[in-house]
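Asks: Could you look at this predicted model? Sequence included:
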Amino acid sequence: MYLSRTVEPFIAAAGSQFPALLVTGPRQVGKTTLLKHLAGDARTYVTLDDPLLALLARDDPALFLERFPPPVLIDEIQYAPQLLPHIKMAADRLGQPGLFWLTGSQQFHLMRGVSETLAGRVGIVHLQGLSLRERTGRGSSAPVFLPDAAPRTWDGPEPTPSLHALYAMLWRGAFPALAVRPDADVPLFYSSYLQTYLQRDIRDLAQVGDEGAFLRFIRACAARTANLLNLAELARDADVTPATAKRWLSILQASGIVFLLEPYFTNVTKRLVKTPKLYFLDTGLCAYLTEWTSPDTLLAGAMSGAIFETWVMGEMLKSWWHNGQRPTFHFYRDKDQKEIDALIARDGRLYPVEIKRGASPSLGDVRHFQSLSRLGVPLGHGALVCLAGQSLPLTREISIVPAWTI
């Protein structure tokens, strides 16, 4: 079963403008399925997961493109970066949009070559797992999330899941293979996924020698989702040097496993924390790594609040990425422990967002919004994202936003 993705209109627009289109993102988020669905029978499909085709593409890229002329969809382009200069030459020679559609799972090797070789010739799409709107068949009605006085709407009846149903969804995660198959074995999927990620992406492409230490490092990151980054602690838990921990964290970032939310600070105030916050981008993988064996244990466990915040942050980020836009998200925290979960910067304004797991929001939940006045930056409408049943104004400047309407 195919689920429509929010990014489809952006892909259509980019495909009509650029000679090449690149869809990046972690493994198993649906990059190939998306492009094959949109391409239909209009272009040849070739995957570099095939060792013989990958060998041909690396050893004789000109012959490869003669064998598979455009329009063509080339899957897993990171296995043959030698193709990129030849794609550039073909794009310049033919001078048409939509010639090459590419996918790549590992940005840490791929993006440098793309930016250097195909600059100005490629539209780049970042794809993550399914958003809630996408997994419920409403991917086409998923606007960019930005706090506004108007209530957030949902095409059709709002899902308003029970707390248990919500955590069952968070425990399963957002990978399409789990979303479309309710009977899928979740632990088996993540075990296989992690093994593939470690063996193919990390050991072979990122040159990580100690897989055991790297697995400990990933687990330590998962345990600290929605918390301030502490590289010294991560290095200690994985028994590696801080320099190695920093390099491994950059690998997790580039491969779409984690997201670092940078703090907002200016020279106006010196009291703001300058350490980023760490977020896993899939709550199911995070729950598996931290060994929560069921939705019930996750709901009742110590990470319940952090997992909910992680999911909301991921939904907000997907609403931007899947609309082809770059999210300009920050968070606020000062040395008096006053914290605001997200600040969205747009058009010279900051839109504050607070995330609470409760269903009974109050003014006390957004009391730290007043701290933003010291920044000297124009403020937009604020939002309190929570489990309330409907969108309502909390004040004239702040709205209650049900989490499932993001």
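Replies: Right, received. Where do you want to start?
Asks: Can you mark which positions in the longest helix along the chain are buried?
Replies: Taking DSSP state H as the criterion, the chain has its longest helix at helix 304-321. Within helix 304-321, the residues scored as buried using 16 or more other C-beta atoms under 10 Å are 304, 306-321. Every residue, glycine included, has its C-beta placed from N, CA and C.
Asks: Output it as CSV, nothing but the C-alphas.
Replies: Coordinates of each C-alpha in helix 304-321 appear next as CSV, following Å, rounded to 0.1, in the frame of the first residue of the first chain:
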residue,chain,number,x,y,z
SER,A,304,7.8,9.0,28.7
GLY,A,305,8.0,12.8,28.6
ALA,A,306,11.2,12.9,26.6
ILE,A,307,9.8,10.5,23.9
PHE,A,308,6.7,12.7,23.6
GLU,A,309,8.8,15.8,23.2
THR,A,310,11.0,14.0,20.7
TRP,A,311,8.0,13.0,18.6
VAL,A,312,6.5,16.5,18.6
MET,A,313,9.9,18.0,17.6
GLY,A,314,10.1,15.4,14.8
GLU,A,315,6.6,16.2,13.5
MET,A,316,7.4,19.9,13.4
LEU,A,317,10.7,19.3,11.6
LYS,A,318,9.0,16.9,9.1
SER,A,319,6.3,19.5,8.3
TRP,A,320,9.2,21.7,7.0
TRP,A,321,11.4,19.1,5.4
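Asks: so what secondary structure elements neighbour that helix?
Replies: Where contact means 3 or more C-beta pairs under 8 Å, 6 or more residues apart in numbering; DSSP states H and E, helix 304-321 is packed against helix 163-172, strand 258-261, strand 277-280, helix 283-289, strand 339-346, strand 349-355.
Asks: What pairs with the third one, parallel or antiparallel?
Replies: Partners of strand 277-280 in the sheet, by DSSP bridges, are strand 227-228 (antiparallel), strand 258-261 (antiparallel).
Asks: residues making contact with that strand?
Replies: 221-222, 224-229, 257-261, 263, 286, 310, 313-314, 331 (C-beta atoms under 8 Å, 6 or more residues apart in numbering).
Asks: try 7 Å
Replies: Residues from elsewhere that reach strand 277-280, judged by C-beta atoms under 7 Å, 6 or more residues apart in numbering: 221-222, 224-229, 257-261, 286, 310, 313, 331.
Asks: Quick one, grab the pLDDT at Ser115.
Replies: Predicted confidence (pLDDT) at Ser115: the value is 60.
Asks: for Phe189, same thing?
Replies: 95.
Asks: Skip the chain neighbours and tell me the closest residue to it.
Replies: Leu178 (6.0 Å; C-beta to C-beta, 6 or more residues apart in numbering).
Asks: quick one: the one you found is in a helix?
Replies: Yes: using DSSP: H, G, I helix; E, B strand; the rest coil, the assignment for Leu178 is a helix.
Asks: how far away is it from Arg236?
Replies: Using C-beta to C-beta, to the nearest Å, Leu178 is found at 33 Å from Arg236.
Asks: Equivalent analysis for Ala90, please.
Replies: 50 Å.
Asks: ditto for Glu262
Replies: Taking C-beta to C-beta, one finds Glu262 at 24 Å from Arg236.
Asks: what's stretch 223-234 in contact with?
Replies: Identification of contacts with stretch 223-234 by C-beta under 7 Å, 6+ apart yields 217, 220-221, 242, 245-246, 260, 275-280, 286, 290, 306, 309-310.
Asks: what about 8 Å?
Replies: Looking at what lies outside stretch 223-234 - C-beta under 8 Å, 6+ apart - the contacts are 217, 220-221, 242, 245-246, 249, 260, 273, 275-280, 286, 289-290, 303, 305-307, 309-310, 313, 333.
Asks: Among those, the buried ones, what's the ChimeraX command?
Replies: Buried members of these, defined by 16+ other C-beta under 10 Å, are picked up in ChimeraX with:
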select :217,220,221,245,249,273,277,278,279,280,286,289,290,303,306,307,309,310,313,333
